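Undergrad: This is a predicted model, with the sequence first.
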Amino acid sequence: MTFLLVALGGAVGAPLRFLVDRWVQIRTDSVFPWGTLTVNVTGSFVLGALLGAAAGGGVPDGVVAAVGIGLCGAFTTYSTFGYETIRLATDGARRIALANALVSVAAGLTAAWLGVLLGGAAWPG
């Protein structure tokens, strides 16, 4: 059953990532990959909040499988982040590539941390 929940979450997360990424990126006039940054930071926050709430007993294991592993796993994209960063560097935009790497890691970790705090506060153990 867990496999099906993960697959269902992934089936929602992957197209959602594509749509959000494109929606954000076409609204910017920049080579900076704002769409990928948006999905990764948002997904990190959602996963952190979900796991913070789950630690307090507020979220069943099935929801963690479907939303945390499936949806967030398919919604976020480390491979695209890596590709876009390398592409920026090889295209001569090394400062933008470095900024992308630093901002993505810092913002993703911060979002996950805030999510855990908020999720844990909403469902204290």
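TA: Alright, I've got the coordinates. Residues are numbered from 1 along each chain as shown.

Undergrad: burial of the closest residue to residue 32 other than its chain neighbours, as a residue count?
TA: In this structure, residue 32 finds its nearest non-sequential neighbour in residue 96, 5.7 Å apart by C-beta to C-beta, 6 or more residues apart in numbering. From N, CA and C alone the C-beta is placed, and that goes for glycine too. For residue 96, the neighbour count with other C-beta atoms under 10 Å is 18.

Undergrad: Could I get the contacting residues of residue 96?
TA: Residue 96 makes contacts with 31, 32, 88, as judged by C-beta atoms under 8 Å, 6 or more residues apart in numbering.

Undergrad: Check the gap between it and residue 42 for me.
TA: As defined by C-beta to C-beta, to the nearest Å, residue 96 lies at a distance of 21 Å from residue 42.

Undergrad: Repeat that for residue 74.
TA: Noted for residue 74: a distance of 13 Å to residue 42, by C-beta to C-beta.

Undergrad: Give me the buried positions along the host helix or strand of the residue nearest to residue 32.
TA: In the assignment (DSSP states H and E), residue 96 maps to helix 94-122. Buried residues in helix 94-122, counted by 16 or more other C-beta atoms under 10 Å: 96-97, 100-101, 104, 107-108, 111-112, 115-116, 119-120.

Undergrad: Over to the spatially closest residue to residue 13 that is not a sequence neighbour. Which of the three states is it?
TA: Nearest non-adjacent residue to residue 13, counting by C-beta to C-beta, 6+ apart: residue 74, 3.2 Å away. Per DSSP: H, G, I helix; E, B strand; the rest coil, the local secondary structure of residue 74 is helix.

Undergrad: Need the pLDDT of the residue nearest to residue 1 when sequence neighbours are not counted.
TA: Nearest non-adjacent residue to residue 1, counting by C-beta to C-beta, 6+ apart: residue 62, 7.5 Å away. Residue 62 is assigned 96 on the pLDDT scale.

Undergrad: Show me where the chain has its helices.
TA: Using DSSP state H, the helices of the chain run over 2-25, 34-55, 61-63, 72-75, 78-90, 94-122.

Undergrad: Compute the distance between the residue of the chain most remote from its centre and residue 31, please.
TA: In the chain, the greatest distance from the average C-alpha position (C-alpha atoms, centre = their mean) is reached by residue 92, at 26.8 Å. For residue 92, the distance to residue 31 (C-beta to C-beta) stands at 10 Å.
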